[in-house]
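# sequence-free structure coming up:
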C-alpha cells in the first residue's frame with residue numbers, strides 16, 4: 001500500500017467547481033493538504049478537498065462517494081461559539097493523545113473576535129464510506145460533549161472541506177492576514193486504538209449507532225408485516241403528513257441535543273439524548289420510554305420506535321388508540 005501521505009484526494013476551487021462535462025477532479029496528496037499555506041482568493045474561488053481518493057466527475061455526489069469513496073482524513077468545522085484555539089486543541093488531544101498528527105487552522109472569515117476553525121486528522125489506512133461516517137460522527141459527538149458545536153454537514157460523503165484561505169477582504173494594506181492562526185502538531189496517524197479514550201468512545205458510539213439501526217430495521221419489518229395498523233390507516237397517514245416528528249417532540253417537552261438530531265424525552269431519568277428523528281419515524285434507546293409503553297417495542301426488548309401518530313396517541317390520549325382515532329375522525 002502506498003504511504004497515506006502520497007494518496008491524492010479530490011480537490012477543486014470554489015463551490016461551483018464541477019466536472020459536468022466529464023473528466024476527473026484534480027488530486028492533492030494528503031501531505032500537501034496538511035502543509036497547505038493560506039491562499040488569498042474570494043470564497044467562491046477558495047481551494048477545497050473531499051477527504052476521499054475517489055476523483056471521478058461525479059465525486060461531489062454523496063451517493064457516488066458512498067458507493068466508491070475511500071477516506072483518508074477526519075475533518076471538523078467549528079463556525080460558532082468563538083472558541084479559543086487552546087480549547088479546540090485540548091479537546092483533540094484529550095480524545096486522541098498528544099502524539100496524534102493534526103492540523104488546526106482558522107477559516108477565511110475568522111476574526112480575532114469571531115474565531116472559527118477547521119481540523120484535519122489523517123488516518124493510517126482508508127475507511128469505507130459508512131465506517132468513515134461513523135468515525136466522523138464520533139469525532140463531532142466528542143466535540144459537542146466538550147461544549148464545541150461543529151457543523152455536522154461534514155459527515156456527508158461528498159462534502160467539500162475548505163483549505164486554508166484568507167480572502168483579500170480579510171487582509172491588511174500590506175497583504176498580510178488580519179487574523180490567521182494554525183498549527184500542525186504530532187506524528188502519529190489515526191487508528192482505531194490511537195488512545196484508550198478514542199477506542200472506548202468509538203466503541204460507545206458504534207453501539208449507539210447499531211442500536212438505532214436495529215430499531216430502524218424493526219420499524220421497517222413491522223411496516224411490511226402490518227401496513228394497516230388500524231381501520232383508519234388513511235387518517236393516520238394524513239396525521240403523519242401534517243405533523244412533523246420534530247414539531248411534536250418539541251410540543252411534548254423533549255429537549256433537543258446540541259447535535260440538532262437527537263432528543264431527550266420527559267420519561268428519561270438520565271442525561272442522554274436517546275430519541276432520534278429519522279424523518280417519517282423515530283427510534284428511542286431509552287428503557288424508560290420502552291417501559292412506559294411509548295410506540296412499539298423493539299424485537300430485542302430494548303428500545304422502541306414509532307411515528308408521529310404514536311407520539312400523539314401516547315402523550316395526548318394515554319396510549320389509547322381508540323380515543324386518539326375518535327378525536328381525529330371527529
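On my side now, so go ahead. Fair warning: this is a prediction, and the values are worked out from it, not measured in the lab.
# so which elements touch the lengthiest strand in the chain?
Among all segments of the chain classified by DSSP state E, the strand with the greatest residue count is strand 117-128. If contacts are counted by 3 or more CB pairs under 8 Å, 6 or more residues apart in numbering; DSSP states H and E, strand 117-128 sits against helix 30-35, strand 70-78, helix 85-96, strand 102-106, strand 161-162. The way it works is simple: take the backbone N, C-alpha and C, and place the C-beta from them, glycine included.
# for that strand, which residues meet the burial criterion?
Buried residues in strand 117-128, defined by neighbour count with 16 or more other CB atoms under 10 Å: 117, 118, 119, 120, 121, 122, 123, 126, 127.
# now, which of these sits nearest residue 277?
residue 127 (26.2 Å; CB to CB).
# I'd say that closest one and residue 70 touch.
Yes: under the criterion of CB atoms under 8 Å, residue 127 makes contact with residue 70 at 7.2 Å.
# thinking again about what came up before, what about the longest strand of the chain, distance to the chain center?
From the chain centre to the centre of strand 117-128 is a distance of 15 Å (CA atoms, centre = their mean, to the nearest Å).
# what are the ranges of the strands in the stretch 151-300 of the chain?
Here the stretch 151-300 of the chain has its strands, by DSSP state E, counting those that start in this stretch, at 161-162, 182-185, 255-256, 262-264, 275-277, 282-284, 296-297.
# which one of these is the most hemmed in?
Among the strands of the stretch 151-300 of the chain, strand 282-284 has the highest mean neighbour count (mean count of other CB atoms under 10 Å), at a mean of 26.
# report all helices and strands that it contacts.
Strand 282-284 makes packing contacts with helix 196-225, strand 275-277, strand 304-306 when contacts are defined by 3+ CB pairs under 8 Å, 6+ apart.
# mind redoing it with 6 Å?
On a contact count with 3 or more CB pairs under 6 Å, 6 or more residues apart in numbering; DSSP states H and E, strand 282-284 meets strand 275-277.
# distance between the ends of stretch 277-285?
Distance between the two ends of stretch 277-285: 12 Å, counting by CA to CA, to the nearest Å.
# state the pLDDT value of residue 183.
Per-residue confidence for residue 183 comes out at a pLDDT of 97.
# which non-adjacent residue is nearest it?
With CB to CB, 6 or more residues apart in numbering as the measure, residue 104 is the residue that lies nearest to residue 183, at 5.4 Å, once sequence neighbours are left out.
# cheers, nothing more for now.
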